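>>> all I have is the shape, not the residue letters:
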């Protein structure tokens, strides 16, 4: 008699347990559906580049692949390059930085960029096309102002202490220059490099972004690296 009652009790307990589990699962399912976010369309507005690529054969390639990493204006900031040089730059972007440009489009893009060398986009005159006076060696650089210019424009490549080990500089080919070993370089050489860039490297021309006094200031600050290094 007792075994039968025990079996009946176990059967009812099991049924009750399954009922509770079923209710809990149903409640959780309803809760997850209720908390599921509704599908809404969001709009994101990105800032418009100040300049765009001008018309020409290869413009679509430039728009498709160059602006993945930088604006069109950056291209027009570069000093004039030959097609061979542009090809080298494009291949570096492709092999070093992973630009997905197809190999068959490299020559078309390099030819297009060569024709853009002397063009001001959208009929306007970007800063780097404006005639500016060269920095004068008679101007005295201001260290504090030079440090500010360096921190804003140079630190990512040349590093905090000027050793060429900035987060971007150490990935470049060739790597960014070590500014602690410039003792033999004349001030005029350095001014020219800052103003006009350095062919064959990622060092751009800064004459369109920095005033002559800014360039003189940052030169004074850069000189500090080699002077401090020579004292050690």
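Good, I have the coordinates. The structure displayed is predicted, hence computed values, not measured ones.

>>> quick one: the helices in the chain?
Assignment of helices within the chain using DSSP state H yields the ranges 2-35, 59-65, 72-76, 83-95, 106-115, 143-153, 155-158, 187-196, 212-231.

>>> pull up the distance across stretch 59-74, start to finish.
Terminal residues of stretch 59-74 are spaced 15 Å apart (Cα to Cα, to the nearest Å).

>>> about what we covered before: comparing the helices of the chain, which yields the minimum mean pLDDT?
Sorting these by mean pLDDT places helix 2-35 lowest, at a mean of 53.

>>> could you chop the chain up by domain?
For the chain, the structural domains run 59-123, 143-231, going by automatic domain parsing.

>>> which one of these lies nearest to residue 53?
Nearest to residue 53 among those is domain 59-123 (4.8 Å), distances taken as Cβ to Cβ. To be clear about C-beta, it is placed using only N, CA and C from the backbone, and glycine gets the same treatment.

>>> next, count neighbours for residue 157.
Close neighbours of residue 157, defined as other Cβ atoms under 10 Å, add up to 22.

>>> next up, the contacts around it.
164, 166, 168, 169, 172, 176, 202, 203 (Cβ atoms under 8 Å, 6 or more residues apart in numbering).

>>> are any of the residues you listed buried, and which?
Applying 16 or more other Cβ atoms under 10 Å to those, the neighbour count classes 164, 166, 169, 172, 176, 202, 203 as buried.

>>> nearest to residue 63, of those?
For the buried ones among the contacts of residue 157, the nearest to residue 63 is residue 202 (22.1 Å; Cβ to Cβ).

>>> spit out the contact partners of the residue lying closest to that closest one once chain neighbours are set aside.
Excluding the flanking residues, the one nearest residue 202 by Cβ to Cβ, 6 or more residues apart in numbering is residue 172, at 4.8 Å. Residues in contact with residue 172 (Cβ under 8 Å, 6+ apart) are 96, 157, 201, 202.

>>> now for those, which pair is the farthest apart?
The largest separation in these, counting by Cβ to Cβ, is between 96 and 157 at 14.2 Å.

>>> give me every residue that touches residue 210.
Residue 210 neighbours (Cβ under 8 Å, 6+ apart): 149, 153, 194, 218.
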